[in-house]
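> Just need the structure, nothing else, for what follows:
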Amino acid sequence: MLKNQLAELAGVNERTIYNYTDTLEKSGLILDITKQHGTGEYSHNVYQLDYLEEEYFIMNPDLITEESMSAKLKGLLMLIKSNCIKGTNYLPFNSK
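The predicted structure is shown next:
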């Protein structure tokens, strides 16, 4: 998938996608970057990401830019989300 397509799907601009992939590369989460040539004159990169067994969650980037919430509330929501079962919005323990 091209970065402009990924940006459109994610609802962000293409520069943001470049920043995200740069951050992933610097953090060591990208195992391999391969240049591939399509049918046109331009090439594109194919990223192979490390498979994360533990310690990851997906968060909608709109949370960060949401102006109606305080930074403390955003932090609390991220903390709660980070304790959810991988790939879900469910906490792995009973609420009290």
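> Find the residue at the geometric middle of the protein.
Closest residue to the average C-alpha location of the chain: Ile58 at 6.2 Å, with C-alpha atoms, centre = their mean.
> does that residue belong to a helix or a strand, and which?
Assigning secondary structure by DSSP states H and E places Ile58 outside every helix and strand.
> Phi first, then psi, for it.
phi -110, psi 130 (degrees, to the nearest 10).
> mind checking how far it is from Lys72?
Going from Ile58 to Lys72 by C-beta to C-beta, to the nearest Å gives 22 Å. No exception for glycine: its C-beta is placed from N, CA and C like everyone else's.
> ok, now Val12?
Counting by C-beta to C-beta, the separation of Val12 from Lys72 is 24 Å.
> Can you check what pLDDT the model gives the residue nearest to the centre of the chain?
pLDDT for Ile58: 72.
> The longest helix along the chain: which residues count as buried?
Secondary structure of the chain read by DSSP state H shows that its longest helix is helix 14-27. The neighbour-count criterion (16 or more other C-beta atoms under 10 Å) identifies 17, 20-21 as the buried residues of helix 14-27.
> ok so Leu31 is a strand residue?
Yes. Leu31 sits within a strand when classified using DSSP: H, G, I helix; E, B strand; the rest coil.
> I'd say it and Leu49 touch.
Yes. With contacts defined as C-beta atoms under 8 Å, Leu31 counts as touching Leu49 at a distance of 6.8 Å.
> Quick one: the strands in the protein, in order.
Taking DSSP state E as the test, the strands found in the chain are 30-37, 43-49.
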